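Student: starting from these lines, generate the structure:
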Amino acid sequence: MNVRLRHDAIVRSLRRNGTSTVADLAAEVGASRRTVLRDISALRDQGFVIHSEPGRGGGLQLDPQSLQTTAKLSVAEVFALLISVASMRAAGNLPFAGLADAGLARIEKALPPDKVRDLRRFLDCLYVGQLSPLVNISDLAPMDPALLPAFETAFLQRQYLRFQYHDAKGTVTNRIVEPHAMLILPPLWYLVAWDPARHAFRHFRMDRISRPEVDEGATFQRRHVPFEDHVRPVRDLSR
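Tutor: As a prediction, the model looks like this:
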């Protein structure tokens, strides 16, 4: 369990149980007592009010009104929220759109300036459109959770992306591409990339991509991506 997940698990446990000992928390998150004590210190630095009661029957208690005072969301996490909203809006199925936009704006406002810059660069790569009714979606599958973190690095640093691709016939190929855009055609999501081996842009269904890895070597230059007339940048949706 990484640090972020461990911190989240500790906060959830304290909220749920009211009082927990360091030993109980260590057993729950699979870490040592010393690690949990460091985690408690880090959570306090983030703004969580955690009381410590010594003696028999004591333990750690989280103030019920305690909130994290610093934004710890990564660019990929905020981007996941934004593209989820964009996808629903593109499909014409976004209830409470005003509240969703206001909430996301507050999250973005809380991000450090460097993360805001990365987020905006990430958003510039996102496009939405309408899926043709002739496209077969009967084989739609879940997307690999590793995609978005890999995309964040590859898109922002303009590095090549390696992955395995399963086409409609079930054939598996290994690809290395220049990622240039993400395209949402609800309910399908595509990676739009320049394929050097084929000297052309290709659309890869994200639910058919597996084992994504950033190739930490040469970088590439941005290319103009040709889209059909119905495809728009996600930034235009709120206008």
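Student: use CA for all of it now, contacts and neighbours both
Tutor: Noted.
Student: give me the contacts around stretch 9-19.
Tutor: Surrounding stretch 9-19, the residues in contact under the criterion Cα atoms under 8 Å, 6 or more residues apart in numbering are 20, 25, 29, 58, 59, 60, 61, 62, 64.
Student: buried residues in stretch 170-178?
Tutor: By neighbour count with 16 or more other Cα atoms under 10 Å, stretch 170-178 contains the buried residues 175, 176, 177, 178.
Student: cool, stretch 107-124 as well?
Tutor: Counting neighbours by 16+ other Cα under 10 Å, one finds that the buried residues in stretch 107-124 are 108, 110, 111, 115, 116, 118, 119, 122, 123.
Student: OK, contacts around the last one?
Tutor: In this case it means residue 123. When the contact criterion is Cα under 8 Å, 6+ apart, the partners of residue 123 are 79, 234, 235.
Student: is it possible to get TSV of those residues that adds pLDDT and neighbour count?
Tutor: TSV is the format used below for the contacts of residue 123 (pLDDT from 0 to 100; neighbours: other Cα atoms under 10 Å):
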residue	pLDDT	neighbour count
79	79	22
234	79	22
235	71	15
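Student: okay, and which of the residues you listed map to strands?
Tutor: Using DSSP state E, no member of those falls within strands.
Student: mind listing which of those residues are in helices?
Tutor: Taking DSSP state H, the ones among the contacts of residue 123 that sit in helices are residue 79.
Student: what about residue 41, how many neighbours?
Tutor: Residues contacting residue 41 under the criterion other Cα atoms under 10 Å number 13.
Student: what pLDDT, on average, does the helix or strand containing it get?
Tutor: When secondary structure is defined by DSSP states H and E, residue 41 falls within helix 33-45. Per-residue pLDDT over helix 33-45 has a mean of 90.
Student: chain center to the lengthiest strand in the chain, what's the gap?
Tutor: Scanning the chain for the longest strand, with DSSP E as the assignment, gives strand 172-185. Using Cα atoms, centre = their mean, to the nearest Å, the distance from the centre of strand 172-185 to the centre of the chain it belongs to is 17 Å.
Student: from residue 234, how far off is the closest residue to residue 62 other than its chain neighbours?
Tutor: By the measure of Cα to Cα, 6 or more residues apart in numbering, the closest residue to residue 62 outside its immediate chain neighbours is residue 50, 4.5 Å from it. Residue 50 sits 41 Å away from residue 234, going by Cα to Cα, to the nearest Å.
Student: what of residue 11?
Tutor: For residue 11, the distance to residue 234 equals 34 Å [Cα to Cα].
Student: how about residue 21?
Tutor: Distance, residue 21 to residue 234, using Cα to Cα: 47 Å.
Student: same deal with residue 173?
Tutor: The value you get for residue 173 to residue 234, if Cα to Cα is used, is 30 Å.
Student: which residues of the protein fall in strands?
Tutor: Using DSSP E, the strands of the chain run over residues 19-20, 50-53, 59-62, 126-128, 159-166, 172-185, 188-195, 200-205, 209-219, 232-233.
Student: quick one: pLDDT of residue 212?
Tutor: At residue 212, the predicted lDDT confidence score is 96.
Student: residue 51 is in contact with residue 43, isn't it?
Tutor: No. Here residue 51 does not reach residue 43: they are 11.7 Å apart, not a contact under Cα atoms under 8 Å.
Student: neighbour-wise, which of those two wins?
Tutor: Neighbours per residue, other Cα under 10 Å: of residue 51 and residue 43, the larger number sits with residue 43, 18 against 13.
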